[in-house]
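Below: sequence and its predicted model.
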Amino acid sequence: MLSENSQRAVLADIYAIGEDWREGGFGLYFHWPFCEAKCPYCDFNSHVAGAIDQGRWRAAFRSEIARVAALTPGRVVNSVFFGGGTPSLMEAETVAAVLQAVQAAWPLANDLEVTLEANPRSVEAARFKAYRDAGVNRVSMGMQALNDADLRRLGRLHSVQEGIAAFETAQAVFDRVSFDLIYARQDQSLKAWESELSQALGMAADHLSLYQLTIEAGTAFGARAAGGRLHGLPDDDVSADMYMITQDICEGFGFSGYETSNHAAPGAESRHNLIYWRSGDYAGIGPGAHGRLTLPGRGRIATETPLSPDAWLARVEKTGDGTSRESPLPPEDQAMEYLMMALRLTEGCDLERYARLNGAALSPEKLASLEEMALVQRDGQRLRTTVQGRIVLNAILRELLA
C-alpha cells in the first residue's frame, strides 16, 4: 500500500484529469461465469462446468484486487457487485475472501452496497445467511416469471412456488432484495402481464428490474427465431403497450421508474448500476468483465478481460494481470457514453458535463425538434427523455449524435 502522502499525490493527479468520475462514484464488479444450465435467451458470458476449484478462483480474485488497488489507491469504494453467471453458486468462503481483500485494499463508503445475484432456488437460498455474514447486504434474484409454464420455456430450473419461498427467505435475511422479471414473452397477453406485475409488486421487494424479452444472436432463442420456430412473441405495438402499462402500474405503486428497465421504492435504487449510468469508474474483475478507470497520466481507459474462464484464470496465475485489453477513451467517446447511459435515467443528462467532455454542446436545433415531439424535456442544464421518448431512445441518440 502507498503511504498517505503518496495516495494524496496520486488522487491530486486524478483530480487534475477532471472530476467526471467523481460524479458517478467508484465500484467493483466481480464476474462469476458459471451456471447450472444455460438459459435459451441468455447472451451473457456464462458457462456450465462440472467441477470448479473455488480455491483457485479465490486466489485469482484476491490477486486482481491487489493489482487494481495499486492503480487506484485511496479511492472510496461505493459498491461491490457479484454478477454472472450465477454467483449464488459461489461458496460463502469465496465471497468472504473477496470482501475481506476489498476492505483491506480501499477505504469503504459508510453506505457501501454489496449485491449478489442469485437464482431463486432452495439450494441457493440456504446459503443466504452465510452470504450476509460474509458482508453481502443486497440480493438480486433472477425470478424472471411468476408462471410455471413460462419458467419452463425460459429454461429456468425453479418453480414459482420455489421462487417465492426463496424470495421470502431472502427478505428475512437481507434488508434489501430485488428481483428480475421478463415480459413480452411468448403468448403473453397485456392483461396477463398486468396481473403478474401487480402480484410482483405485492410481494414487497424494494426494487424490480423489468426487462422486455429480446432475441439475441448466438442464443438458443436466436437460433429458433432464425429458423422460424419461436412463435407467439408480441408485436412491437403490444410490446410498447406492455412497457407503458409497466410504467403506470409501478408509478401508482410508488416504484418510480428511475431507469428505463428499473423501478424502486424511494432510496432503494441500485447504487452499483447508477455508477454505470452516471459514467463513474468501475473495475471489472473476472472473465468477460469490462471496466472504466480514470488513472493518473493515462486519463480514462476501458478495460476488457478474456471471455473464457480457463483463459482468464490462467492469465491471472501466469502474468498477475487478468486484463486482456486496455483502450484509452478520447473525450468525445466519453461524452457519447455518458449521453447514452444518462438518458436511460429519469434524472437525465447534465448538458454542461456533456459539453465539457465533448468540447461542443448538443445541437440546439435538434434538441428543440425533439422537445417539440415531446420525446425529451429540458430543465435548466438537465436533459431528460419523456416516457414516450424512452421507447425510442435509440432513435433519439442517433439524432443527437449524428
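Sure thing, it's come through. Numbering: from 1, shown residues only.

what's the span of stretch 261-277 from first residue to last?
12 Å (Cα to Cα, to the nearest Å).

same question, stretch 338-347
OK, stretch 338-347 end separation, Cα to Cα: 13 Å.

Buried ones in it, by neighbour count?
Tyr338, Leu339, Met340, Met341, Ala342, Leu343, Arg344, Leu345 (16 or more other Cβ atoms under 10 Å). All C-beta atoms are positioned from the backbone trio N, CA, C, and that covers glycine.

May I have the secondary structure class of the first one?
Here Tyr338 is helix, with the state taken from DSSP: H, G, I helix; E, B strand; the rest coil.

out of the buried residues of stretch 338-347, who's nearest Thr385?
Nearest to Thr385, judged by Cβ to Cβ, of those is Leu343 at 5.3 Å.

and that closest one, what does it touch?
Leu343 makes contact with Cys349, Leu383, Arg384, Thr385, Leu393, Ile396, Leu397, according to Cβ atoms under 8 Å, 6 or more residues apart in numbering.

Check Ala66 too.
Ala66 touches Ala101, Ala105, counting by Cβ under 8 Å, 6+ apart.

so where does it fall, helix or strand?
Using DSSP states H and E, Ala66 falls within helix 54-71.

Mind checking what helix or strand follows that helix in sequence?
strand 77-84.

neighbours around Gly291, how many?
20 (other Cβ atoms under 10 Å).

Could you tell me the per-residue confidence at Trp21?
As summarised for this prediction, Trp21 has a pLDDT of 55.

same deal with the one 3 residues further on?
At Gly24, the predicted lDDT confidence score is 85.

show me what contacts it?
Leu274, Ile275, Arg278, Ser279, Gly280, Asp281.

before we move on, what about Phe44?
Gly84, Gly85, Gly288.

which phi and psi does it have?
Backbone dihedrals for Phe44, given as degrees, to the nearest 10, come out at phi -70, psi 170.

for the buried residues of stretch 338-347, which one is nearest Ser63?
Nearest member of the buried residues of stretch 338-347 to Ser63, counting by Cβ to Cβ, is Met341, at 29.9 Å.

ok, that closest one touching Tyr282?
No. With contact taken as Cβ atoms under 8 Å, Met341 and Tyr282 are classed as non-touching, separated by 12.0 Å.

Give me the common contacts of those two.
Tyr276.

buried residues in stretch 169-176?
Thr169, Ala170, Gln171, Val173, Phe174, Arg176.

Now render the contacts of Leu343 as TSV, adding neighbour count and pLDDT.
Below are these laid out as TSV (neighbours: other Cβ atoms under 10 Å; pLDDT from 0 to 100):
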residue	neighbour count	pLDDT
Cys349	27	96
Leu383	22	98
Arg384	17	97
Thr385	24	97
Leu393	16	96
Ile396	21	97
Leu397	15	97
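
Helix or strand for the closest residue to Leu375 other than its chain neighbours, just tell me which one.
Among residues not flanking Leu375 along the chain, Gly389 sits closest, at 3.7 Å (Cβ to Cβ, 6 or more residues apart in numbering). Under the criterion of DSSP H and E, Gly389 resides in helix 387-391.

cool, Ala166 as well?
helix 160-173.

Helices along the stretch 1-150 of the chain, start to end?
4-17, 20-24, 54-71, 92-105, 122-125, 128-134, 148-153 (DSSP state H, counting those that start in this stretch).

Ok, which of these comes nearest Tyr354?
helix 20-24 (10.2 Å).

how about Gly155, what does it touch?
Gly155 neighbours (Cβ under 8 Å, 6+ apart): Ala37, Lys38, Cys39, Pro40, Tyr41, Ala220.

Whichever of those residues count as buried, I'd like them selected in PyMOL; how would that read?
Here is the PyMOL command that selects the buried residues among the contacts of Gly155 (16+ other Cβ under 10 Å):
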select buried, resi 39+40+41
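
Let me know the closest of the contacts of Gly155 to Leu181.
For those, the nearest to Leu181 is Tyr41 (13.0 Å; Cβ to Cβ).

and the residue nearest the centre of the chain, how far is that from Lys318?
The chain has Asn273 as the residue nearest its centroid, 4.9 Å off, counting by Cα atoms, centre = their mean. Distance of Asn273 to Lys318, given as Cβ to Cβ, to the nearest Å: 33 Å.

next one: Phe26
28 Å.

And these two? Which one has more around it.
Neighbour totals were compared for Phe26 and Lys318, and Phe26 leads with 21 against 8 (other Cβ under 10 Å).

Contact partners for the closest residue to Thr260 other than its chain neighbours?
Nearest non-adjacent residue to Thr260, counting by Cβ to Cβ, 6+ apart: Arg344, 4.6 Å away. When contacts are counted by Cβ under 8 Å, 6+ apart, Arg344 touches Glu259, Thr260, Trp277, Arg390, Leu393.

closest to Thr214 among the contacts of Gly24?
The shortest approach to Thr214 among these belongs to Leu274, at 22.5 Å (Cβ to Cβ).

any idea which helix or strand carries the closest one?
Assigning secondary structure by DSSP H and E places Leu274 in helix 271-277.

If you count contacts, what does the next helix or strand after that helix end up packed against?
Next along the chain after helix 271-277, taking DSSP H and E as the criterion, comes strand 281-285. Counting contacts by 3 or more Cβ pairs under 8 Å, 6 or more residues apart in numbering; DSSP states H and E, strand 281-285 packs against strand 26-32, helix 54-71, helix 271-277, strand 291-295, strand 299-304.

If I take strand 281-285 and strand 26-32, what angle do their directions form?
For strand 281-285 against strand 26-32, the angle between stretch directions is 20 degrees (axes from the mean of the first three to the mean of the last three Cα atoms, to 10 degrees).

Fine, thanks again, bye for now.
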